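Peer 1: Show me how the following folds:
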Amino acid sequence: MSRSPKYSLARSIAERLERAAQQRAERQRRRREEAERQQRVAVAAARDRATVRCTVLVSRRAALAEQTGVPTEELAAELTAASAAIAGASSLGALHAEERRLDAIERRLVEARALAARDRQYAGDRLTETRRALGEVDPAVRQRFDRTGALEVSRLLAAVEATPAPAQADELARVAGEHLHEVLTARARYEQQRREANALLDELEVQLRGLADDARAADVRLKDGERLTASLELLRAELAEERPEEVLRLGRILAQRLRTAEEELDLTIDRISERRDVLRSLVQAMPGVGFAVVASSVREASDGTITVQAQRHGGEQLVVRVEDTGEDEHRVLYTTDTMVRQEATGTLGEGAVCTSLVEVIEKLQASARTQGFDMGRVTWEGAGDRQPPSQGGAVALPPPARQGLRRDQA
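Peer 2: Predicted coordinates:
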């Protein structure tokens, strides 16, 4: 047999490609269903929170009407409508919209109490109502969202308490009302961003967990899995530090990275599954040509290359290596210890050993054809091509210095 380089390409038949597409679609369906399940859990939790908040606001509206006599029928109608909408909401988006409506209702309740303070005839009554209005919002919240206004309110409050003059009490009520409006507006904006950021992180966590589960099930590596996990944990920490706007910005970038990771994972699973199937079909035929697989010799390298070693009763060893070409094909390389010895003596390609090996390989590849692989004609690998497995790599068989047998398969 000639030593000149000869090789062929082979491709999977349409049926196998269709089956791989179906398996990919099934993985994507499972991920989508898990995301939807988690979404339902999140919606239920958000509905419970909104329901509790709405109930609290109903009580506060009743107290406002009783203590000040301010007309609150419109607010009561708004709360009734919000309660019904919350009960019927089926998405986080709808519940977030109702949370914004509750933000507006709460702002109107507090501002109504602040206005009621200004309507009181006596300075002492104005002071009492202003205190009640300020008490509707936690002091720490007021300090956080309007520190300057909080300090000014404290100064005016001390002055009115010392000398409850009508003009000063009126100024206190006015400044307190403006301060509360600023605080509640800023807090509503922050809470909206926090809700959106938390929902986004929950969604990304479900996506990442789904990809990690699929990678484990397929026994492949999720590319950049550790970095993606670290990025998600960092965003959780950012949200805990109350920076939702930054979390939203970086979270959208992470979402794109996860979409890319999903595409790459599906491709990796498709390709490694196909290589495993190629090798499996070859291994099934090895007993028919006198070779027994050395079970402990099966190796998968980090680049997706799979190698197995088989041995005849007479001691002859055969190594089969299936590797990715980076294109729509896989490369299968065969070599034996006899070829290694002939390579060392410069007699590779002379005598019957090459013909015998080719006959063995053709029988192995005939098995692969029955499994849906269109196997090409076996050829000699020429000088400069990729070498067979090395002794320090996936198998123990020493490699030829320059040549081996291989075929290309897509």
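Peer 1: List the buried residues in the host helix or strand of residue 236.
Peer 2: Secondary structure assigned from DSSP states H and E places residue 236 in helix 225-240. Of all the residues in helix 225-240, those buried under the rule 16 or more other Cβ atoms under 10 Å are 228, 231-232, 235, 238-239. Backbone N, C-alpha and C define where each C-beta goes, glycine included.
Peer 1: Stretch 261-276 too?
Peer 2: 261-262, 265-266, 268-276.
Peer 1: Among those, which are located in helices?
Peer 2: 261-262, 265-266, 268-276 (DSSP state H).
Peer 1: nearest to residue 322, of these?
Peer 2: Checking those against residue 322 by Cβ to Cβ gives residue 275 as the nearest, at 4.6 Å.
Peer 1: what about that closest one, distance to residue 371?
Peer 2: Applying Cβ to Cβ, to the nearest Å, the value for residue 275 to residue 371 is 13 Å.
Peer 1: got the domain boundaries for this protein?
Peer 2: 24-200, 274-409 (automatic domain parsing).
Peer 1: Which of the ones you listed sits closest to residue 250?
Peer 2: domain 24-200 (9.6 Å).
Peer 1: Start and end of that closest one, how far apart?
Peer 2: From the first residue to the last, domain 24-200 extends over 25 Å; the measure is Cα to Cα, to the nearest Å.
Peer 1: so how far is it from its chain's centroid?
Peer 2: Domain 24-200 has its C-alpha centroid displaced from the chain centroid by 34 Å (Cα atoms, centre = their mean, to the nearest Å).
Peer 1: All the helices of the stretch 301-410 of the chain, in order from the start?
Peer 2: 337-345, 353-370 (DSSP state H, counting those that start in this stretch).
Peer 1: The residue lying closest to residue 190 once chain neighbours are set aside: how many residues sit nearby?
Peer 2: Once flanking residues are discounted, residue 190 sits nearest to residue 244: 6.8 Å by Cβ to Cβ, 6 or more residues apart in numbering. Residues near residue 244, counting by other Cβ atoms under 10 Å, number 23.
Peer 1: ok, residue 244 - contacts?
Peer 2: Taking Cβ atoms under 8 Å, 6 or more residues apart in numbering, we find residue 244 in contact with 190, 193-194, 196-198.
Peer 1: try 7 Å
Peer 2: Applying Cβ atoms under 7 Å, 6 or more residues apart in numbering to residue 244 gives the contacts 190, 193-194, 197.
Peer 1: between these, which has the most around it?
Peer 2: Neighbour max across those (other Cβ under 10 Å) = residue 197, 23 neighbours.
Peer 1: Show me which residues of stretch 42-55 are buried.
Peer 2: Within stretch 42-55, the residues scored as buried using 16+ other Cβ under 10 Å are 42-43, 46-47, 50-51, 53-54.
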